[in-house]
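Novice: following is a predicted model, sequence given first.
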Protein chains: 2
Amino acid sequence: MKAIIISIGNELLIGQVINTNAAWLGEKLTEAGISVISHQSIGDEKEAITAGLTAAFERAELVITTGGLGPTRDDITKVAIAAYFGKKMVFHQLTWDRIQEAFSKRNIPVSELHHMQCFMPEGFEILENDLGTAPGLKYVDGGKTIIILPGVPYEMKHIVESHILTALYTNAALDGFFQHTFHTAGTGETVIADKIRDFEDGLPEGYSIAYLPSIAQVRIRLTKKGKGSIDFEMYKLELKSLLEPWLFGENGSTLEEVIGDLLRDKKLKMVTAESCTGGAIAARIVQLPGASEFFEGGFVSYSNGQKTRMLDVVPDTLNKFGAVSSETIREMILGAVKKSGADVAVAVSGIAGPDGGTTDKPVGTIWIGVGNGSKQVIHKYYYQKDRQRNIEFTTNMALIMLRKFLIAHDLS
Amino acid sequence: MKAIIISIGNELLIGQVINTNAAWLGEKLTEAGISVISHQSIGDEKEAITAGLTAAFERAELVITTGGLGPTRDDITKVAIAAYFGKKMVFHQLTWDRIQEAFSKRNIPVSELHHMQCFMPEGFEILENDLGTAPGLKYVDGGKTIIILPGVPYEMKHIVESHILTALYTNAALDGFFQHTFHTAGTGETVIADKIRDFEDGLPEGYSIAYLPSIAQVRIRLTKKGKGSIDFEMYKLELKSLLEPWLFGENGSTLEEVIGDLLRDKKLKMVTAESCTGGAIAARIVQLPGASEFFEGGFVSYSNGQKTRMLDVVPDTLNKFGAVSSETIREMILGAVKKSGADVAVAVSGIAGPDGGTTDKPVGTIWIGVGNGSKQVIHKYYYQKDRQRNIEFTTNMALIMLRKFLIAHDLS
């Protein structure tokens, strides 16, 4: 099955909003064995929507739209799509009841515009939206399937996750499509390719492997096209054991989730001591709901003075070895653990650039350490990209080292 | 002039990469008076590229492509576009010289693939790329203009900024198109619309105003279609004075840049004391190159225990008023200034959710304060979105309050 994603909204065209919806949908559809052949962003104009649909259904059987379902006058997605399928708009009482109930709970008056929003193309299936006023819609007309979703990312994802994905994955398995993704960190694509070359060469017809690299991580995706899941499970386990040295998660788990689980299991609390990342490591951890169960806090000791004030780094160490050194990192770990009382600390210090590099320590020189009062593991890295990516690399590598340390050492 | 942006790469279709290029280009083209009517992402396939170009030039005079210029076999953008325009590929010695020179400086051997990368469509203008191996390309054929750019965002932006934008803005002014954007923070779209209603109603034919809201900020864009810049300058100044209470920048400046400039001018150093944002405020400041000139560091006092250990918040204050309270914020400010020796502190504590809310303090309750040892300004906010947006709102509001404080108070 081929799919095209159409994102509707002038705010996308003028660059006011970055289209994250298309990427998310592209990933989910790919995982369900659907081939996404194009993403398109178009304006809130009836002619543009009709032209987009017509062209899309010439090349794809599934079209997913996002955006233009709001209560304002420029939200005309539903009307345009109804016209395309020759349907009239009918009032949907259940949606109106839901909006009234949600608004009365929050003591907000409903407006005429919200009443207008309850008109839907006749015969379309309603995909309920618990997080907003605009439900999704689905319609199948012969070989054409359309799914209509709101543009607000968390509402869109919620509707897809609760009404669409299970059916897609079940269909994929029935049609003979299986996929599993392994998340690795701490090595490059080439090393992994070398390690799994024999496995890859020995895969039977219908199997394929994709490498999906990002900063300091590589995802490895095993795909089978063909019926029967037993052999797929077998190859999955074999690949998993080959990837073991670098594996940290499967099918969407993040490094911070894995670290959170490890710390919770071991009943440990962590602390951060950051220089060049300026708080980005702590902020990544705190993106996780419930981080307070294992995250005590962090020190952003950006200036040399603060390394001493916040973390008791000895001024002589800074003078002799510099802020970007193994010695400073060791004292940052010791200081962070002592000052916070946490069980394990991760510390980073590097030259993010664009300025501040020297011949000995060029931009992109990064020291990262993990440890506690008795044991520290410290490594040096060269990344040497632009400031933003140097910070992102350092953040990812610090989390990777923390995970390894937690697995290797019993700190309880 | 109408434009279509075509982004080329399978990694976009499967959602491995979010397409930030299209948004950035959409914004720049809009600012130059060019109407962007569609963004499209397509795969690395010759047929898809040819079909995309054909359809795009039926509706637009300008097509900009990004991606598919790399040295690997699946990068076939140039070949496909050359074929579309009936051009052959010719070797471009200057690009080859540049690649060899850049690689020899870094002691990296050049490969056959990089040699292949130097073939360009005959007659196309080369747009030099100082940051990578793939230059951009430009070609005008009657009413059709194509600009071909690499997919790596910072290379793409660099080429556009050094070779394209000045010409676009000059042409825009000559053609009678002027635009200026004011950045405001700390109030909503509706309040601003009320304040400038008379101004807006009094604007002559050809003028328009657009509201571009984002989290805790609204950008106001004044546009004139029609020749002559003198009246435009006049209306620009009038609008600026009306927006003064909330204005923090113009034409692309960020809150953190404005704060950096203020702190540098006043020779002040800042420190952060964060709870619910978990380091996100410090990380925003550190995104700025040269942040060390005015940023000392920060405390991420996530647990109550750390608020006491790191910042000397009195346990009684936490017990009596809670961590999310004006009293705790005041002590966080005082502690951060005292412990760091910085001149001004910004402190935040809130309930980011999804858990942790109570009847008195529901999810989205946020306290923010700015100050030093002698003066503190503290406000409460309710935002009540999901965790990620609550954190982003808090980060933005904290920076907004810091800017106001720095302007209102002489701390030297």
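Specialist: Ah, there it is. What you see is a predicted model; the values in this text were computed from it and never measured.
Novice: what about A:Lys157, neighbour count?
Specialist: Look at A:Lys157: counted by other Cβ atoms under 10 Å in any protein chain shown, it has 18 neighbours. For glycine as for every other residue, the C-beta is placed from the backbone atoms N, C-alpha and C.
Novice: so which strand or helix has it?
Specialist: helix A:153-159 (DSSP states H and E).
Novice: run through who's touching that helix.
Specialist: Contact with helix A:153-159 is made by A:20-21, A:24-25, A:66, A:127-132, A:134-136, A:149-150, B:386, as judged by Cβ atoms under 8 Å, 6 or more residues apart in numbering or on different chains.
Novice: quick check: buried residues in that helix?
Specialist: Buried positions in helix A:153-159, judged by neighbour count with 16 or more other Cβ atoms under 10 Å in any protein chain shown: A:153, A:155-159.
Novice: closest one to A:Lys320 out of those, please.
Specialist: The shortest approach to A:Lys320 among those belongs to A:Pro153, at 49.6 Å (Cβ to Cβ).
Novice: from A:Lys227, how far off is the closest one?
Specialist: 35 Å (Cβ to Cβ, to the nearest Å).
Novice: what of A:Ile147?
Specialist: Distance from A:Ile147 to A:Lys227, by Cβ to Cβ: 26 Å.
Novice: quick one: which of those two has more around it?
Specialist: A:Ile147 (23 against 13).
Novice: three-state assignment of the more buried one?
Specialist: strand (DSSP: H, G, I helix; E, B strand; the rest coil).
Novice: ok, A:Asp141 touching A:Gly86?
Specialist: No - using Cβ atoms under 8 Å, A:Asp141 is not in contact with A:Gly86; the gap is 9.3 Å.
Novice: which of these two has more residues huddled nearby?
Specialist: Comparing A:Asp141 with A:Gly86 by neighbour count (other Cβ under 10 Å), the higher total belongs to A:Asp141, at 13 against 9.
Novice: in helices only, show me the contacts of helix A:153-159.
Specialist: Of the positions in those, A:20-21, A:24-25 sit in helices, assigned by DSSP state H.
Novice: want to throw the residues you listed into JSON lines with pLDDT and neighbour count?
Specialist: Below are the ones in helices among the contacts of helix A:153-159 laid out as JSON lines (pLDDT from 0 to 100; neighbours: other Cβ atoms under 10 Å in any protein chain shown):
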{"residue": "A:Thr20", "pLDDT": "96", "neighbour count": "17"}
{"residue": "A:Asn21", "pLDDT": "97", "neighbour count": "29"}
{"residue": "A:Trp24", "pLDDT": "97", "neighbour count": "18"}
{"residue": "A:Leu25", "pLDDT": "98", "neighbour count": "25"}
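Novice: low-confidence stretches in chain A?
Specialist: A:412 (pLDDT under 70).
Novice: what about the strands in the stretch 151-300 of chain A?
Specialist: Using DSSP state E, counting those that start in this stretch, the strands of the stretch 151-300 of chain A run over A:177-185, A:207-214, A:217-225, A:247-250, A:270-274, A:295-301.
Novice: buried ones in the third one, by neighbour count?
Specialist: Buried positions in strand A:217-225, judged by neighbour count with 16+ other Cβ under 10 Å: A:217-224.
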